[in-house]
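S.K.: Structure of the sequence below:
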Amino acid sequence: MAVTKSQIAKQVHDIGFSKKASTEIVDTLLEIIKVRLENGEDVLVSGFGKFCVKDKAPRRGRNPATGDALMLEGRRVVTFKCSGKLKARTNGKE
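M.R.: The predicted model follows:
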């Protein structure tokens, strides 16, 4: 099951922040990450991983319903590469 933003805010609240401050902290952190990615910047969180923006070139595709060929526009996608520490921890090797 995925962890939700409200669950993260609750854990921040459990540390000792007010509920309002916890929600604002989580919202602000996510907004900073979003703005940086929108600007094409990478976001590195030491010990966690790196969010990167990659440019995808236009390519040929097809409509699966009709089989018609079409050109898909270029786009930007966000990728995530976890740190070695996180990888080791998720595999129980830390």
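S.K.: now for the lengthiest helix in the chain, which elements pack on it?
M.R.: In the chain, assigned by DSSP state H, the helix with the most residues is helix 19-38. The elements that helix 19-38 packs onto, with contact taken as 3 or more Cβ pairs under 8 Å, 6 or more residues apart in numbering; DSSP states H and E, are helix 5-15, strand 43-45, strand 49-56. To be clear about C-beta, it is placed using only N, CA and C from the backbone, and glycine gets the same treatment.
S.K.: Buried residues, stretch 1-20. List them.
M.R.: 8, 9, 12, 13 (16 or more other Cβ atoms under 10 Å).
S.K.: Of the residues you listed, which is the nearest to residue 78?
M.R.: The nearest member of the buried residues of stretch 1-20 to residue 78, counting by Cβ to Cβ, is residue 8 at 18.8 Å.
S.K.: per-residue pLDDT, the closest one?
M.R.: Per-residue pLDDT puts residue 8 at 95.
S.K.: My guess is it contacts residue 26. True?
M.R.: Yes: counting by Cβ atoms under 8 Å, residue 8 touches residue 26, with 5.4 Å between them.
S.K.: picking up where we left off before, okay if I get the helices and strands packed on helix 19-38 as JSON lines plus distance to residue 81?
M.R.: Below are those laid out as JSON lines (distance: least, Cβ to Cβ, whole Å):
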{"stretch": "helix 5-15", "distance to residue 81": "21"}
{"stretch": "strand 43-45", "distance to residue 81": "10"}
{"stretch": "strand 49-56", "distance to residue 81": "5"}
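S.K.: Among the ones you listed, which comes closest to residue 63?
M.R.: Of all the helices and strands packed on helix 19-38, strand 49-56 sits nearest to residue 63, with 18.8 Å by Cβ to Cβ.
S.K.: Nothing else from me, thank you.
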